[in-house]
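**Student:** I would like the atomic coordinates for the input below:
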Amino acid sequence: MEKQVRKQITLYCDGSSLGNPGPGGYGGILEYHGRQKEYSGGDTYTTNNRMELQGVIEGLKLLKEPCNVEVVSDSSYVVKAINEWLDGWIKKGFKKVKNVDLWQRYLEVSKPHQIHATWIKGHDGHLENERCDKLARDEAERIKKSMNLPGDKG
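**Tutor:** Sure thing, here's the model as predicted:
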């Protein structure tokens, strides 16, 4: 049987929250052979780290077949967890780990893929990271506006 060659995908993502916790958003770009697909979403009451991780999860959910995925993020929390901490967390049953629900969802959606994460400095002119940041912030702002919080003008 012929071994299937996996597609090499780059997943750029970022998360944002207005207040920590507060209204938040994530934004991402999937890139394959120079073609890009953007996605975004958010939550009314969340943290920056949750949105960073949600951005990865939602990007992986868009993949329709097993791929080699390079996750590019300015979140050292997400990058270190994927590359270094996750195996230990699993062995310890996620004791004293925050965002267990999202990490378990990440494990589920990441199963078919080979994943490696790369950290990049945020707000440093990296084109895709700047775009993801804008998508995430726009989503957080949209959610904040829709909530019509007391004291908000507009």
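
**Student:** okay, which residue is most central for the protein?
**Tutor:** residue 55 (2.4 Å; C-alpha atoms, centre = their mean).

**Student:** for that one, pull up the helix or strand it's in.
**Tutor:** Assigned by DSSP states H and E, residue 55 falls within helix 48-61.

**Student:** just residue 27 next, same as before
**Tutor:** strand 22-32.

**Student:** report the strands that pair with that strand, each with its relative direction.
**Tutor:** Strand pairing for strand 22-32, determined by DSSP bridges: strand 7-17 (antiparallel), strand 35-46 (antiparallel).

**Student:** of those, which is nearest residue 128?
**Tutor:** Ranking the strands paired with strand 22-32 by proximity to residue 128 (C-beta to C-beta) places strand 7-17 first, at 4.0 Å. Where you see a C-beta, it was placed from the backbone N, CA and C, and this is true even at glycine.

**Student:** quick one, the closest one and helix 48-61 angle?
**Tutor:** Angle of strand 7-17 versus helix 48-61, following axes from the mean of the first three to the mean of the last three C-alpha atoms, to 10 degrees, is 150 degrees.
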